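Q: Give the three-dimensional model of this entry:
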Amino acid sequence: MRTAQMDDEGRGECIPATINDQWNFLLSTIWDQMIHLVIRFGGRLSEPVLAVAVRSACEAEPLTTMRFQEGEPPHFIPDPDAVGRTYAVITTTDPDATLRALLTEPLDPATGPQARVRLIRSDHDLLCISVNHTISDAYGVKSFGSRIARLYHARSAPAQFLPLKNSHDRSFESLLRLFSPTEREEAFLRYGDQVSSWSLPMRSCTIRDPGYKVVRFHPGILTSIKARAGTLGVTVNDVLLSAFTLALAESVPELRINALPVLTSIDLRRYLSPDSFPSLANLSVAFEVPVMAEPGLPLFTVINRVHAAMEERKQGHAGIGAAERIYRDFSGGYERMKRYLQKLEQETREGRREKNPFFSNLGVIPESVLDYGLIPVAEAWMLPPVEYPPGFGIAASTCRGSLSLATGYCNCALAEKEVSAIFDRMALLLSDL
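A: Numbers count the residues shown, from 1 in each chain. Below is the predicted model of the structure:
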């Protein structure tokens with residue numbers, strides 16, 4: 001990771017903002033871009049030990065306490081005041097309400113910090129680790145959470161070690177250089193552009209009353225999904241994406257007669273060796289998976305269609321095509337891209353733009369995130385950003401064999417009963433496997 005001295009700021013070192021950082025910062029000016037990791041404990045954490053662990057984790061990952069600075073080029077600058085705002089303890093008699101309020105309060109990457117850690121204390125402890133997408137995707141949130149847990153464990157046990165800083169390349173360049181210009185061009189032409197846009201019916205495009213809905217399934221459900229996926233020769237992600245599509249079809253009849261593209265994400269770290277993974281970085285991209293769900297179509301047929309579409313995109317390096325598109329979009333400069341997104345936001349608020357539904361599999365929450373020594377963990381789950389209208393998305397995560405589905409939405413645009421109905425339809429489909 002390159003660093004440069006800040007001559008004009010006189011405040012120490014800055015870190016250049018990669019194209020992927022710049023893209024996610026600009027998105028954060030019009031949409032919520034927060035990713036959350038929540039851990040519910042069956043015991044009480046030590047506040048002093050946790051405070052030291054968070055501080056040490058931030059020192060090892062300096063981006064967490066920096067702020068984004070627009071300019072030529074955009075960069076991150078240190079902000080000593082942001083360090084004190086990263087961690088706090090909240091004591092409450094209603095932890096669920098406190099968590100809901102916290103989840104719907106995004107961080108401003110222009111003022112910093114980029115990460116927020118809150119210990120919510122009641123009759124049990126909840127730890128909420130939130131990171132702005134400006135500096136990282138979901139992999140980085142889990143990596144940061146793992147670093148905090150290891151540091152906590154090290155200071156509450158005799159182990160003597162400090163996790164090292166991660167200085168691997170955070171940009172798309174480390175990935176794009178693995179492909180020839182011809183391969184990149186082919187991936188871009190096949191998968192780089194958006195085919196069509198659509199959205200769930202919304203009551204308005206007003207951003208108000210944000211909230212979350214989380215459904216956690218019994219461990220047996222994930223076991224059944226894995227078994228059925230193995231029998232069919234598909235992935236768990238194929239099954240979840242198929243259930244999401246069929247659940248949407250009840251709300252969007254057009255899905256019954258046309259193949260509409262659902263957005264899904266892929267982590268481009270799959271092209272890198274594990275020892276070169278950057279921790280906090282935006283290396284996940286989204287691409288379209290067109291799916292049609294005719295009336296009466298069984299889930300297994302949709303699963304096979306989704307699997308075929310996903311395999312085609314993996315073989316064709318759709319993720320590289322999406323990364324190439326972002327690079328080309330910024331070829332005219334940061335300010336030009338900023339103006340384009342401002343125009344897009346205005347058209348969206350006026351109801352002249354649609355936003356494809358999004359499904360994201362945030363993956364397994366590893367044991368390293370949950371290891372707080374003798375303090376037992378009851379459950380953990382991840383949450384995606386609040387989708388502002390007309391967007392709607394669901395994110396999946398798993399913890400110790402339990403599947404969770406989560407969505408953030410604006411209740412003024414999408415009724416809670418409609419969101420619940422989509423979750424109920426997905427749950428029914430997955431339970432019948």
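Q: so what pLDDT did Leu272 get?
A: The model reports Leu272 with a pLDDT of 93.
Q: What is the neighbour count of it?
A: Leu272 has 17 neighbouring residues, counting by other CB atoms under 10 Å. To be clear about C-beta, it is placed using only N, CA and C from the backbone, and glycine gets the same treatment.
Q: That one contacts Phe172, correct?
A: No - with contacts defined as CB atoms under 8 Å, Leu272 does not count as touching Phe172, sitting 11.5 Å away.
Q: Might you report the residue contacts of Met292?
A: Counting by CB atoms under 8 Å, 6 or more residues apart in numbering, Met292 makes contact with Leu255, Arg256, Ile257, Asn258, Ala259, Leu260, Arg305.
Q: Hmm, I typed the wrong one, I wanted Pro390.
A: When contacts are taken as CB under 8 Å, 6+ apart, Pro390 is in contact with Ser199, Leu200, Met202, Cys205, Thr348, Gly351, Arg353, Glu354, Lys355, Ala413.
Q: Swap in 6 Å and give it another go.
A: Residues counted as contacts of Pro390 (CB atoms under 6 Å, 6 or more residues apart in numbering) are Ser199, Met202, Glu354, Lys355.
Q: Quick one: buried ones out of those residues?
A: Buried subset of these (neighbour count, 16 or more other CB atoms under 10 Å): Ser199, Met202, Lys355.
Q: would you put the C-alpha positions of stretch 284-304 in PDB?
A: Listed next in PDB are the C-alpha coordinates belonging to stretch 284-304 (Å, rounded to 0.1, in the frame of the first residue of the first chain):
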ATOM      1  CA  SER A 284     -16.000  -7.100  -4.000                       C
ATOM      2  CA  VAL A 285     -18.000  -6.100  -7.100                       C
ATOM      3  CA  ALA A 286     -21.600  -6.600  -8.300                       C
ATOM      4  CA  PHE A 287     -22.800  -8.000 -11.500                       C
ATOM      5  CA  GLU A 288     -26.200  -9.000 -13.000                       C
ATOM      6  CA  VAL A 289     -27.800 -12.400 -13.100                       C
ATOM      7  CA  PRO A 290     -30.900 -12.500 -15.300                       C
ATOM      8  CA  VAL A 291     -33.500 -14.900 -14.000                       C
ATOM      9  CA  MET A 292     -37.100 -15.600 -15.000                       C
ATOM     10  CA  ALA A 293     -39.600 -17.400 -12.700                       C
ATOM     11  CA  GLU A 294     -42.700 -18.500 -14.700                       C
ATOM     12  CA  PRO A 295     -45.900 -19.200 -12.700                       C
ATOM     13  CA  GLY A 296     -45.700 -22.600 -11.000                       C
ATOM     14  CA  LEU A 297     -42.000 -23.000 -11.700                       C
ATOM     15  CA  PRO A 298     -40.400 -25.200  -9.000                       C
ATOM     16  CA  LEU A 299     -37.500 -23.900  -7.000                       C
ATOM     17  CA  PHE A 300     -35.200 -26.700  -8.400                       C
ATOM     18  CA  THR A 301     -35.600 -25.400 -11.900                       C
ATOM     19  CA  VAL A 302     -34.800 -21.900 -10.900                       C
ATOM     20  CA  ILE A 303     -31.700 -23.200  -9.000                       C
ATOM     21  CA  ASN A 304     -30.500 -24.900 -12.100                       C
END
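Q: pLDDT weak spots in this protein?
A: Under the criterion of pLDDT under 70, the regions of the chain flagged as low confidence span 1-12, 156-167.
Q: Spatially central, which residue of it would that be?
A: For the chain, the residue nearest the mean C-alpha position is Ala138 (4.5 Å; CA atoms, centre = their mean).
Q: ok, that residue touching Leu362?
A: Yes - with contacts counted by CB atoms under 6 Å, Ala138 reaches Leu362, the gap being 4.3 Å.
Q: before we move on, back to that, which member of the buried ones among the contacts of Pro390 is positioned nearest Ala187?
A: Checking the buried ones among the contacts of Pro390 against Ala187 by CB to CB gives Lys355 as the nearest, at 23.4 Å.
Q: State the distance from the closest one to Gly233.
A: Using CB to CB, to the nearest Å, Lys355 is found at 33 Å from Gly233.
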